[in-house]
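Trainee: Output the structure for:
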Amino acid sequence: MSQTFLLADDDSDDHELFAAALAELDRSIVFDKALDGLQLINQLIEQKVARPDIIFLDLNMPLMNGWRCLEALKKIEEIKHIPVIIYSTSDQQLEEQRAEEMGALCFLRKPESFSTLISILSTISDHLHGGSLVNLRSAIRKFSS
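Mentor: Numbering: from 1, shown residues only. This is a model prediction of the structure:
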């Protein structure tokens, strides 16, 4: 069964790294992207992209930042169930707590190495495939520490 990962990030280099990591992991994983939160919301509402199995959401984007986008996502009945991972270069613990309070699955600091990104995405894919989001948060936290 194919999975769909969606990354909202205004950095094209991050899109390329993410796409390359997913392709190396499993070529059947569908990768969609948005350049900001507003584009992400519009793509999902207008169904311009497949409904993702998981959304990775950068915090610092133009037009609609990650916080505003997360808030909007969680108010839209048809898509509020989609797990969201805040995916940022920030490592502030307050942001991690805020992300979870706002309904994100967790906060993930962007990894410094390509191999770590592949490991993270593999872990996420395995949990999504098994239908087990319960333990995904703790599995992801291992990469952040």
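
Trainee: any low-confidence regions in this protein?
Mentor: Within the chain, the stretches with pLDDT under 70 are 1, 91, 130-132, 144-145.

Trainee: for it, longest helix please?
Mentor: helix 114-129 (DSSP state H).

Trainee: tell me which residues in it are buried?
Mentor: Across helix 114-129, burial judged by 16 or more other Cβ atoms under 10 Å covers 117, 118, 119, 120, 121, 123, 124, 125, 127, 128. To be clear about C-beta, it is placed using only N, CA and C from the backbone, and glycine gets the same treatment.

Trainee: Stretch 43-57 too?
Mentor: 43, 44, 52, 53, 54, 55, 56, 57.

Trainee: The nearest residue to residue 59 once chain neighbours are set aside: what's it in contact with?
Mentor: Nearest residue to residue 59 in three dimensions, chain neighbours excluded: residue 66, at 3.8 Å (Cβ to Cβ, 6 or more residues apart in numbering). Going by Cβ atoms under 8 Å, 6 or more residues apart in numbering, residue 66 touches 8, 37, 57, 58, 59, 60, 86, 88.

Trainee: can you do 7 Å?
Mentor: Applying Cβ atoms under 7 Å, 6 or more residues apart in numbering, one finds that residue 66 lies in contact with 37, 57, 58, 59, 86.

Trainee: Just the ones in strands from the residues you listed, please.
Mentor: With DSSP state E as the criterion, strands contain 57, 86 from among the contacts of residue 66.

Trainee: out of the contacts of residue 66, who's nearest residue 92?
Mentor: residue 59 (10.1 Å; Cβ to Cβ).
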